[in-house]
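> 3D model of this:
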Amino acid sequence: MINYLYIFGTIFFTVYGQLVLKWRIIKYGVMPEVLIEKIFFLLKLFFDPFILSGFISAFLASLCWMAAMTKFNLSYAYPFMSLSFVLVFIFSVFLFKEPTNLIKLAGLFFIVLGVILSGVSRGWCE
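As a prediction, the model looks like this:
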């Protein structure tokens, strides 16, 4: 059971990274059109401590994923990564007031169903 912490860590750090990047980028506004202004804009983003934490989070997610790959078949572990889509969607609705509709909710339902079906093939839902 402890091996699942590697998958959980991958999902956690991936979701954190996506949410913190969006949160901070909103604070800086829209990317400029002029090339030199784009470069300065991106450099300003890069040196934001929270955005740096998002990059570090992506690195930590990679380390967790490498550890997970030593414990699980890729075809079993990878469907769990789709849970990051579900969590990012849910948090983006609540944190950033992003719009939702029945089609998006149906898509999320099918993602979760796919993860469950993948788990059944391994036997954890029996």
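
> For E98, which residues are in contact?
S92 (CB atoms under 8 Å, 6 or more residues apart in numbering). The C-beta positions use only the backbone N, C-alpha and C, and glycine is treated the same way.

> Now name the helix or strand holding it.
Secondary structure assignment for E98, by DSSP states H and E: no helix or strand.

> Can you read off the pLDDT for it?
Note for E98: predicted pLDDT of 95.

> what do you get for the one 4 residues further on?
The score at L102 is 96. That number is its pLDDT.

> what about it, distance to I90?
15 Å (CB to CB, to the nearest Å).

> Could you check which of the two has the larger neighbour count?
I90 (13 against 7; other CB atoms under 10 Å).

> Show me the helices in the protein, by range?
Ranges of helices in the chain, per DSSP state H, are 4-28, 35-46, 49-69, 74-96, 102-122.

> what angle sits between the third one and helix 35-46?
Just to be clear, that refers to helix 49-69. Going by axes from the mean of the first three to the mean of the last three CA atoms, to 10 degrees, helix 49-69 is angled at 70 degrees with respect to helix 35-46.
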